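Participant: All I have is the shape, not the residue letters:
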């Protein structure tokens, strides 16, 4: 089967794995105090252009979202997200598990617009009963979004300004950050993203690592005793080196962006092929996830040789599916897929 | 000022208060094990037509909702409600505080329709990723709804059947239950409501009591060690008699329904007067809350002599407001209000 | 049966009830914004000698403890209490329900000593692994304690100094505060207690009210948006007047202390009688709860005519029991009890 | 520095790492549905002698404890542990974070005795107020214990019988399970442990893996929709293969026990050397962690060349420290350590 179902079907990029092998028997202190983690932090700080950014590693995205969000919100606040946001739908209630409500705003191309955010906030405070409602306390967006779309520099700048004008920190879920930055449509760099938001995470699990996400607090705004809080929420790895070593490799010699660019190059070839063959796109995505609508016959045919993801049922005979490339997709696999389509 | 802002502006119905006075110095055991609570339970069982219904008293509605919902849901389940549901909007995140998500479905006249519920459930299970989503585990509705509307017997029957067909218990928030049952449009009785749902509460705070709601589990479905769970969530009154005595009075000689009917009689007079005077209704309500749209000039005039509730801002110059009657509204007050309108 | 089991067996002091009757039909705004609540707050501020203390009313003690403690602790902190503390034992895990650990220190006469607290804190920070442990973030004591004992002014002053030297706010559970202040052994006044702690509550449920506790923040240290947080935890009464009116009466003409003194006078008569008759005291209490050890025969005899509370099983044939007086105990009841003992 | 501070200072056993390398580019489905996870589960079932045991992989121990415990307890129940239990002390309140209390019982050589457990349960139910207390709902022990001691077969059998007689499931934290099973003093096998308890976990992080613990439900007692619950608590890895592959290697050709035995062989040599040199043992441990008391001069000397762990301050001049071997400790390192001691 051709592996286009998602971007986490294989292990780690060979250079990442090699670094784990090379450092394996070097005895290091635990809980993220090892030298590889320190090195990874320094490289991420440099890549973000913020020398004193605070960087922490957490093993997966759901946990990262829950820990960052719950520790930045006051007890009576909720997090604002678009209705298609990952935290609103596909994390099994992990935000509510921390006691907080996800406050949803209608998406526009998968994105939260500055205007919709301001309207939400204005409506909230215009309601005379807002003292009995959950106040917005943080804004969550994904870059790229769950549907693979991207905020332009202007969109993100306006959104960030709106956040800050309303004293709302901005948190960017970068589970697929590399695939966003490497898109031909991206007009934002890593330092620009870091500068515009208050906290974001650089996804490793979907971009070359076995596991791990790097949380970056960009404004000296790390919650107090954050490591203890990570422990309390169950996410402090004894062998913190596991994430540290991997991110140390990912941020050496531009590996993170290079492997992201590879995935995007293949995704753009795929998009062109889908266009040429007349497929209907469900979402127009400039990143590594491509979404198309297929009918039952097409779906049955594809199922024979391609691993794809179910995305949404459109009607009795049509289904939206996702085809994703990743750092590990080969040109040969893509060519084979295109031949089948 | 004429008190039409809400239905909780005064203390208790005189007969309720008198019962507190009469029983005041009778020493009784605590935590709801007193004889007045036992008597109230028996009267409520009789009024519901279920001799062995389990009945508990909790001091307020938000707490009642949180305790019932969180203890009927499995850890990974959420509660289904319409998007205008009280628990979805105006309880300050008290359901999320218990770790559970409120799953919202679009309202129709403030109500959850059987069809919309089934669609929600079908869509949920049709999603191949539902294992990473919050499963519906309980259905919450209000009778009357937050906007004062009522489910017909047919509507509630269909909804209950849909709930049960999907193994979803049905919980009815009856904060204003009396005002629903007493409406000329109501075609449901208390026993019918009790029989159709799995658990509901009979609101006292807004219908003649100083505080207190009576939770009724109708199907031998009380969570194990429920009193301990009430205690754990902070809601077990040492002087359980406070609620017991009041409900004992409310369910003596039909008081609960009689005082509800009084409120409804006045509300219907008000509705007729509003109609006659050409007011625009924001919601067509057959119960004690009437919702109208007024312009800025009208609002300013009203503010001089009437306590009303802000409901929603319509546009720059129009506002929806609520005028509510209650067990304590007098004919004189209503006449004065109508004269002003 | 003679009602000596506890101090919450009867309703409200007649003057408290009369105030409810007198104010019953005065329409007032909800959620604690009524004029009676405002009046009660002003009287409590005056009684505490802190004109700008923040005062809130919550319906019961367990809920009050949970709300105050959880909102004063940082997420990763716990509350320090003696091992016999109410929150450590008899509140059904209501503190853990809020996500926080109760950190226990051995009691001395039911009390937390300044020395034991300092040792606890020192040991905590001496542990090199304390970053993976729950840090103390607040100190909880009861006045009187669960066993009826009292902190002297010197003891409380030393404890408060130790708290503040360690940046630990001090919270006093005053469920039976009146019975402590009225004790002949008390050398602390209400203003002194208010000045020494950071937050405390004045118990109403056990001292003359149907329900209600008055939380007093004495150092401009109320958590932000505290009313919303109370709502979120389910404890905001729509008819906030219920508590406001009662405390308005309790703090008029010194009623709170007068009725407490009555209970203490009777308790001291009881203590003398128990001493005279040679009963073994389980705890030497100077307040309204008296604890004695009785054998099986005595217990059986008592059970015929006296309501007492089981306190602790001592051995196969001996049991510690509690006999409590309250504002409602009469001299006649006490005389009858003494005659039986 | 000689690495004897703990058993998680190095990466993975070379065979475990090699399996990650060998399987790295094999595309597999996510979330634990890959073939390596299936293979690991089958091997663990075989090793436990329970063909239909349910096995799940979670990345770390704190998280595993929190997820297992919170999902086996009813809402109003707590988990019983000895006062030195890891969950009671060193997991930063992660159990309380889930809303549950840790109920502590005095340890005996780090262990929970059947007698102490029965006494705890008896005392609980003898207390007439137990309805307002947290009921024991699950028993947690560690094998080996936090101090390295072991339950004998008789001790564990008696404890299990006591648990079951009281309807309390028994959960064994096996963070260092291999080092227990491989001890010369162990008279329990993996199948015996699996048969005696209701759920346990086989620690990977400290026994040869980069991360990962294998939870084994032995009695068809997995909580419903457990994977969704793991997701909700943030612990479901997209690349579930990361744990699956590692445990697949650890349970191939007896690797898990072989590498454990290596660590124990070295630990017993160390213990003998410490005995010979007259060191005072803080705990008499038959497993890979050795605890000794050293004075300030000894500690200073050791610090020059040995990484040890602080355990507890004994007095001004004495400290208890831990020296741990692991799968990765070499004979050369041990010899060097012994030469220094």
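Facilitator: Received the coordinates, thanks. This one's a predicted model, so the numbers in the text were calculated from it and none came from an experiment. Residues are numbered from 1 along each chain as shown, chains lettered A, B, ... in the order given.

Participant: what does the stretch 151-300 of chain A put close to chain D?
Facilitator: A:205-206, A:210-211, A:228-229, A:231-239, A:241-242, A:245 (C-beta under 8 Å from any C-beta of the partner chain). C-beta: built from backbone N, CA, C; applies to glycine.

Participant: Excluding sequence neighbours, find me the nearest residue to the closest residue to chain D within the stretch 151-300 of chain A.
Facilitator: The stretch 151-300 of chain A approaches chain D most closely through residue A:234 (3.4 Å), counting by C-beta to the nearest C-beta. Excluding the flanking residues, the one nearest residue A:234 by C-beta to C-beta, 6 or more residues apart in numbering or on different chains is residue D:63, at 3.4 Å.

Participant: so who does that neighbour touch?
Facilitator: Residue D:63 makes contact with A:234, A:235, D:94, D:233, D:234, D:235 under the criterion C-beta atoms under 8 Å, 6 or more residues apart in numbering or on different chains.

Participant: Chain B: which of those is nearest?
Facilitator: residue D:233 (9.0 Å).

Participant: So the closest one is in contact with residue D:67, correct?
Facilitator: Yes - Residue D:233 is within contact range of residue D:67, at 5.3 Å (criterion: C-beta atoms under 8 Å).

Participant: On the three-state scheme, the residue nearest to residue A:234 is what?
Facilitator: helix (DSSP: H, G, I helix; E, B strand; the rest coil).

Participant: How about the contacts made by whichever residue of the stretch 151-300 of chain A sits closest to chain B?
Facilitator: At 12.6 Å from chain B, residue A:299 is the closest residue in the stretch 151-300 of chain A, using C-beta to the nearest C-beta. Neighbouring residues of residue A:299 by C-beta under 8 Å, 6+ apart: A:319, A:321.

Participant: ok, and for the helix or strand where it lies, which residues are buried?
Facilitator: Using DSSP states H and E, residue A:299 maps to helix A:296-305. Under the neighbour-count criterion of 16 or more other C-beta atoms under 10 Å in any protein chain shown, helix A:296-305 has A:298, A:299, A:302 buried.

Participant: tell me which helix or strand of chain A sits lowest on mean pLDDT?
Facilitator: strand A:309-315 (a mean of 92; mean pLDDT, DSSP states H and E).

Participant: Which positions within that strand qualify as buried?
Facilitator: Buried, per 16+ other C-beta under 10 Å, within strand A:309-315: A:309, A:311, A:312.

Participant: so what's the last one bridging to?
Facilitator: Following DSSP bridges, residue A:312 is listed with bridge partners residue A:320.

Participant: That one contacts residue A:318, doesn't it?
Facilitator: No - contact status for residue A:312 versus residue A:318: not in contact, 9.8 Å apart, counting by C-beta under 8 Å.

Participant: got a list of what the closest residue to residue A:223 other than its chain neighbours touches?
Facilitator: Leaving aside its chain neighbours, residue A:223 sits nearest to residue A:71 (4.2 Å; criterion: C-beta to C-beta, 6+ apart). Shown in contact with residue A:71 (C-beta under 8 Å, 6+ apart): A:223, A:226, A:229, C:75.

Participant: Could you rerun that using 10 Å?
Facilitator: Residues in contact with residue A:71 (C-beta atoms under 10 Å, 6 or more residues apart in numbering or on different chains) are A:98, A:138, A:199, A:222-226, A:229-230, A:232-233, C:74-76.

Participant: now residue A:48
Facilitator: Neighbours of residue A:48 in contact, by C-beta under 10 Å, 6+ apart: A:55, A:189-195, A:200, A:202, A:214, A:216, A:218, A:251.

Participant: can you pull the pLDDT of it?
Facilitator: At residue A:48, the pLDDT value in this model is 98.

Participant: same check, this time on the one 5 residues further on
Facilitator: As predicted, residue A:53 sits at a pLDDT of 98.

Participant: Pop out the phi and psi values for it.
Facilitator: Backbone torsions of residue A:53, given as degrees, to the nearest 10, read phi -60, psi 150.

Participant: Overlap of the contact sets of residue A:312 and residue A:318?
Facilitator: Common neighbours of residue A:312 and residue A:318 (C-beta under 10 Å, 6+ apart) are A:282, A:293.

Participant: My guess is residue A:267 contacts residue A:322. True?
Facilitator: No - Residue A:267 lies out of contact with residue A:322 (C-beta atoms under 10 Å); the separation is 11.3 Å.

Participant: So between the two, which is more surrounded?
Facilitator: The residue with more neighbours, out of residue A:267 and residue A:322, is residue A:267; 27 against 22, by other C-beta atoms under 10 Å in any protein chain shown.

Participant: From residue A:34, how far out is residue A:249?
Facilitator: The gap separating residue A:249 from residue A:34 is 14 Å, by C-beta to C-beta, to the nearest Å.

Participant: Compare the two and say which one has the larger neighbour count.
Facilitator: More neighbours surround residue A:249 than the other of residue A:249 and residue A:34, with 28 against 23 (other C-beta under 10 Å).

Participant: Which helix or strand contains the more buried one?
Facilitator: Going by DSSP H and E, residue A:249 is in helix A:241-250.

Participant: The residue of the stretch 151-300 of chain A closest to chain D: how many residues sit nearby?
Facilitator: Neighbours of residue A:234 under the rule other C-beta under 10 Å: 27.

Participant: For chain A, which segments count as strands?
Facilitator: Along chain A, counting by DSSP state E, strands occupy A:2-3, A:54-58, A:77-82, A:102-105, A:135-142, A:170-174, A:199-203, A:213-217, A:280-283, A:289-295, A:306-307, A:309-315, A:318-324.

Participant: So which residues of the stretch 1-150 of chain A form helices?
Facilitator: Assigned helices in the stretch 1-150 of chain A, in chain order: A:14-23, A:35-48, A:61-72, A:86-89, A:94-97, A:114-126 (criterion: DSSP state H, counting those that start in this stretch).
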